[in-house]
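Trainee: next come a sequence and a model predicted from it.
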Amino acid sequence: MNRLHICDTTLRDGEQAPGVAFSTKEKAEIAIMLDLAGVEQAEIGIPAMGEAECRSIARIAALGLQMKLMTWNRAVFSDIDAAESTGVDWAHISVPVSAVQMKAKLGMTPVQVTELIRKSVDYGLCKGLTVSVGFEDASRADDLFLEQLANQLYRDGIRRFRYADTLSVHHPDAIAARIGRLVSRVPQGVELEIHCHNDYGLALANTLAALQAGAVWASTTVSGLGERAGNTALEEVVMSWRDLYKGTCSVRPELLNPLAALVSKASNRVIPEGKPIVGDMVFAHESGIHINGLLKERSAYQALDPTELGTDHSFVLGKHSGRSAVQYMLEQEGIKAGPDEIKFLLERLRLVGEDPKWVIYSKDLKHWLEHYPAELSN
């Protein structure tokens, strides 16, 4: 229960974010970094998109990475043929399971969808592929239909299922109840993967709730890249599961920042400064109370140790800074200042911190002190 397995879909679902398209070279670089970071499995593309996509997938397959690779496919024989041609031996087959999607997308009844996915699974298995099945829009599917379908596919040889909150309509209590029920009504050998979208900002919370309820795989993307509001962020679920749920995971925290930077560059998506785990300013402190506490004891105002992520705390100055912060920043510049000078600097900080709203660094304090006598006399 405490072991978290990651199936990262940055190269598939992440690339479906509007305006994002990775080159073959970028895909290979991201795959290599995911592998180095300890990700166990990656979903690396959609073979049915054509020859260029198949070549990109085949190039990744030829890298000899340690992590398992999978392709995403519809329940269509030609999709599975294309998947086989890439050299990737794991085919994930996705099928709509909610009444609205079965009717709107396929024009089928639940009985017909069951027949369709069973035939597709059999076709893939007969080709020697490892097959997993994705339940698209599972969050709006009928409970009994999901259970019956999963049990039938288990009898057909499937051991891994992806429960997709495709439209992000679950909240943590609801997804925990759904996953708990499903896990309790399928054979013990079933491995359930949770795939959440983030339209309401609940992808991480929903993923953690599903894992606690019995799912063992988390579907993620680096920095949450993906359609609409994105997916569950790899770095957030890895660190939350380890620190808050006391679980284990093979992903290496020190490579989360370089991985996020690589995907940011390839996707041309800027990482927000306040992005949890990998944002530039998430370990920066301005408040005088916080800095004073951190200088005395690092754990006073930071539960997450930034050194594990290859970074460290940083102090900046602004209108909320206090005497300890100013004195510390001056010491970093080798400057000794008396009480009157520090008072002068604090008053200056209160003014410039509001307009033009900038972050103040030690070099600014040094510059102000150089003009201190003249300004004081005024």
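Mentor: Arrived safely, thanks for sending.

Trainee: roughly how far is stretch 65-83 from the heart of the chain?
Mentor: Here stretch 65-83 is found 22 Å from its chain centre; the criterion is CA atoms, centre = their mean, to the nearest Å.

Trainee: quick check: mean pLDDT across it?
Mentor: Averaging pLDDT along stretch 65-83 gives 98.

Trainee: would you mark the buried spots in it?
Mentor: By 16 or more other CB atoms under 10 Å, the buried positions in stretch 65-83 come out as 65, 67, 69-75, 79-80, 82-83. C-betas here are computed from N, CA, C, even on glycine.

Trainee: residue 190: which of these is nearest?
Mentor: Using CB to CB, residue 70 comes nearest to residue 190 of the buried residues of stretch 65-83, at 17.3 Å.

Trainee: grab the nearest non-local neighbour of the closest one.
Mentor: Nearest residue to residue 70, sequence neighbours excluded (CB to CB, 6 or more residues apart in numbering): residue 90, at 4.0 Å.

Trainee: rewinding a little: which of the buried residues of stretch 65-83 lies closest to residue 202?
Mentor: For these, the residue nearest residue 202 by CB to CB is residue 72; the value is 23.4 Å.

Trainee: quick one: residues contacting that closest one.
Mentor: Residues in contact with residue 72, defined by CB atoms under 8 Å, 6 or more residues apart in numbering, are 9, 12, 43, 45, 46, 92, 94, 134.

Trainee: right, and the pair among those residues with maximum separation?
Mentor: Among the contacts of residue 72, 45 and 134 lie farthest apart (CB to CB), at 14.8 Å.

Trainee: near residue 60, how many other residues are there?
Mentor: By other CB atoms under 10 Å, 24 other residues sit near residue 60.

Trainee: pretty sure it sits against residue 26.
Mentor: No. Checked against CB atoms under 8 Å, the pair residue 60 and residue 26 is beyond contact range at 11.1 Å.

Trainee: how much space between residue 339 and residue 349?
Mentor: 16 Å (CB to CB, to the nearest Å).

Trainee: I should have written residue 320 there, sorry.
Mentor: Applying CB to CB, the value for residue 320 to residue 349 is 9 Å.

Trainee: go on, residue 220?
Mentor: 40 Å.

Trainee: and these two? which has more neighbours close in?
Mentor: residue 220 (32 against 24).

Trainee: how about the nearest residue to residue 272 once chain neighbours are set aside, what does it touch?
Mentor: The shortest distance from residue 272 to any non-neighbouring residue, by CB to CB, 6+ apart, is to residue 279 (5.8 Å). With contact set as CB under 8 Å, 6+ apart, residue 279 has these partners: 271, 272, 273.

Trainee: swap in 10 Å and give it another go.
Mentor: Contact analysis of residue 279 by CB atoms under 10 Å, 6 or more residues apart in numbering lists 223, 257, 260, 271, 272, 273.

Trainee: for the fifth one, what are phi and psi?
Mentor: Right, the one you point to is residue 272. Main-chain dihedrals, residue 272, degrees, to the nearest 10: phi -60, psi 140.
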